[in-house]
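Enquirer: Return atomic coordinates for the entry below.
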Amino acid sequence: MRAANAAHCLPPHLPAPPKGRTVVVGAGKAAAAMAATVEAHWPGPLSGLVVTRDGHSVPCRRIEVVEASHPVPDARGREAAGRILAAVRGLGPDDLVLCLVSGGGSALLTLPAPGIALAEKQAINRALLRSGAPIGAFNTVRKHLSAIKGGRLAAAAHPARVVALLISDVPGDDPAIIASGPTVADPSTHQDALALLERHAIAIPEAVRARLASGEDETPKPGDPRLARASVEIIATPRRSLEAAGETARAFGYATTILGDRIEGEAREVGRAHAELARRQAARGGARAILSGGELTVTIAGEGKGGPNAEYLLALAVALDGHPGIDALACDTDGIDGSEDNAGAVIAPDTLARARALGLDATAHLAANNSHGFFEALDDLVMTGPTRTNVNDLRVILVGKPPGADTAS
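Expert: Numbers count the residues shown, from 1 in each chain. From the prediction side, this is the model:
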């Protein structure tokens with residue numbers, strides 16, 4: 001988590017102060033922490049506004065912090081996005097827009113395109129969340145229903161210089177996907193967005209269909225002169241946090257395997273696949289930490305509660321079936337697994353036995369998408385509260401014990 005903390009990773013990337021004004025804007029779960037870090041290290045005057053998720057605010061003196069709803073946008077986010085867009089308009093070539101972007105920004109920086117109602121965006125958001133659509137597809141739709149995403153914020157700031165500092169929460173660290181790329185040219189089209197909605201069987205309101213079918217008012221594309229003075233720096237990535245976790249594991253005596261930071265797919269399917277990897281490693285012997293990141297999804301079929309990390313772990317536990325010597329943790333690094341109040345959960349070889357003693361059927365809970373209820377009953381949820389950063393999921397499977405380790409722990 002330290003590797004992705006704004007106070008640690010942001011200061012080396014701050015640009016030199018401009019001749020003119022400095023306006024700070026931003027959105028995401030780390031936006032307030034990033035703004036506070038800018039204030040602490042900026043040598044000259046500045047002003048601005050950032051929007052973050054409820055509960056993720058930190059005190060700032062010169063930069064206003066607004067809280068709004070996530071993952072479904074609300075009127076507070078819409079108002080803040082409108083004010084941010086207004087703040088960057090009318091600037092000159094000697095001015096600087098410092099844009100602080102992190103995961104969660106897509107929902108928080110919500111400004112419906114002309115003719116689209118907030119309620120329509122909310123309905124599409126909810127449907128996409130339930131569909132299991134990958135984040136790239138999700139954000140393609142969001143860009144084309146927005147007046148600020150997909151490069152539109154940078155276009156509005158022209159001719160000012162725009163420097164975007166990004167904490168990545170997406171597989172591959174594509175700046176056009178992180179928070180739907182408010183300062184980045186967008187190669188996708190209205191037709192792409194419409195096709196994605198249809199592919200995932202999302203109900204499309206008439207106004208939304210008309211906008212996407214028209215092809216008008218497209219997002220700024222690569223080569224757009226309004227984006228010529230916009231630059232992007234990614235200051236924290238899932239990969240770097242996985243490497244930091246690996247360094248910690250090695251300090252405790254574990255050999256490490258990093259499966260990658262781009263793992264996507266259905267949480268339960270990935271959990272089953274990782275159970276097989278862990279079993280094979282256990283058969284080889286030794287002590288090894290198997291680390292992975294990425295963004296898993298859950299296609300909701302049941303009526304239970306639980307985010308992708310808890311569902312992954314429940315599927316992992318069922319597939320391991322009490323295999324000795326294998327423990328695991330899966331958490332979202334923002335401290336919120338999906339839309340629940342936990343970061344994730346943990347499992348151990350005795351997880352299923354303890355569940356049975358309480359009358360819990362792990363397989364039934366998995367079928368009902370009720371991983372949160374399962375781990376809550378066991379008191380095995382990981383509760384961190386907001387971490388004020390976000391580099392996606394962290395999954396750790398510990399196989400075996402290092403020499404000299406306390407086997408009772």
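Enquirer: From now on I want contacts and neighbour counts done on CA atoms only, so please keep to that.
Expert: Noted.
Enquirer: Tell me, how many residues neighbour P43?
Expert: 10 (other Cα atoms under 10 Å).
Enquirer: Only the buried residues of stretch 302-311, if you could.
Expert: Residues G304, K305, G306, G307, P308, N309, A310, E311 are the ones in stretch 302-311 that count as buried (16 or more other Cα atoms under 10 Å).
Enquirer: Just the mean pLDDT for that stretch, thanks.
Expert: Mean per-residue pLDDT for stretch 302-311: 93.
Enquirer: Report the separation between the two terminal residues of it.
Expert: Stretch 302-311 stretches 12 Å from its first residue to its last (Cα to Cα, to the nearest Å).
Enquirer: Determine how far that stretch lies from the middle of the whole chain.
Expert: 17 Å (Cα atoms, centre = their mean, to the nearest Å).
Enquirer: Residues contacting that stretch, please?
Expert: Stretch 302-311 is contacted by residues 267-268, 296-298, 330-332, 337-340, 344-345, 365-373, 375, 393 when judged by Cα atoms under 8 Å, 6 or more residues apart in numbering.
Enquirer: now stretch 288-296
Expert: For stretch 288-296, contacts defined as Cα under 8 Å, 6+ apart pick out 135, 170-171, 238-239, 242, 245-246, 249, 254-267, 278, 281, 308-309, 392-400.
Enquirer: which SS class is L49?
Expert: Of the three states, L49 takes strand under DSSP: H, G, I helix; E, B strand; the rest coil.
Enquirer: and the gap between it and R279?
Expert: From L49 to R279 the distance is 50 Å (Cα to Cα).
Enquirer: What of V399?
Expert: For V399, the distance to R279 - Cα to Cα - is 9 Å.
Enquirer: Only alpha carbons, please: show stretch 243-261 as PDB.
Expert: Output in PDB follows, covering the C-alpha atoms of stretch 243-261 (Å, rounded to 0.1, in the frame of the first residue of the first chain):
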ATOM      1  CA  GLU A 243       6.500  -6.200  -6.600                       C
ATOM      2  CA  ALA A 244       6.400  -4.400  -3.200                       C
ATOM      3  CA  ALA A 245       4.300  -7.300  -1.800                       C
ATOM      4  CA  GLY A 246       6.700  -9.700  -3.300                       C
ATOM      5  CA  GLU A 247       9.600  -8.000  -1.500                       C
ATOM      6  CA  THR A 248       7.700  -8.200   1.800                       C
ATOM      7  CA  ALA A 249       6.900 -11.900   1.200                       C
ATOM      8  CA  ARG A 250      10.600 -12.700   0.500                       C
ATOM      9  CA  ALA A 251      11.600 -10.900   3.700                       C
ATOM     10  CA  PHE A 252       9.400 -13.400   5.600                       C
ATOM     11  CA  GLY A 253      11.100 -16.400   3.800                       C
ATOM     12  CA  TYR A 254       8.700 -17.100   0.900                       C
ATOM     13  CA  ALA A 255       9.800 -17.600  -2.600                       C
ATOM     14  CA  THR A 256       7.500 -15.600  -4.900                       C
ATOM     15  CA  THR A 257       5.500 -16.000  -8.100                       C
ATOM     16  CA  ILE A 258       3.800 -13.000  -9.600                       C
ATOM     17  CA  LEU A 259       1.100 -14.300 -12.000                       C
ATOM     18  CA  GLY A 260       0.600 -10.800 -13.400                       C
ATOM     19  CA  ASP A 261      -1.300  -7.600 -12.800                       C
END
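Enquirer: so how many other residues sit close to A236?
Expert: 25.
Enquirer: Give the full set of residues in contact with it.
Expert: A3, A4, C9, L166, I167, S168, V391.
Enquirer: Mind doing that once more with 10 Å?
Expert: A236 is in contact with 3-6, 8-10, 102, 165-169, 173, 389-391, counting by Cα atoms under 10 Å, 6 or more residues apart in numbering.
Enquirer: tell me the mean pLDDT over stretch 157-176?
Expert: Stretch 157-176 carries an average pLDDT of 95.
Enquirer: Sorry, wrong one. I was asking about stretch 246-261.
Expert: In the prediction, stretch 246-261 has an average pLDDT of 97.
Enquirer: Same question for stretch 325-339.
Expert: Mean per-residue pLDDT for stretch 325-339: 94.
Enquirer: And that stretch, what's buried?
Expert: Under the neighbour-count criterion of 16+ other Cα under 10 Å, stretch 325-339 has 325-338 buried.
Enquirer: Output those residues in TSV, with distance to G181 and secondary structure appended to each entry.
Expert: As requested, these are exported to TSV (distance: Cα to Cα, whole Å; DSSP: H, G, I helix; E, B strand; the rest coil):
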residue	distance to G181	secondary structure
G325	43	coil
I326	39	strand
D327	37	strand
A328	34	strand
L329	31	strand
A330	27	strand
C331	25	strand
D332	21	strand
T333	21	coil
D334	19	coil
G335	23	coil
I336	22	coil
D337	23	coil
G338	21	coil
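Enquirer: Name the nearest of those relative to S57.
Expert: For S57, the nearest member of the buried residues of stretch 325-339 is D334. The distance, counting by Cα to Cα, is 13.0 Å.
Enquirer: Fine by me, thanks again.
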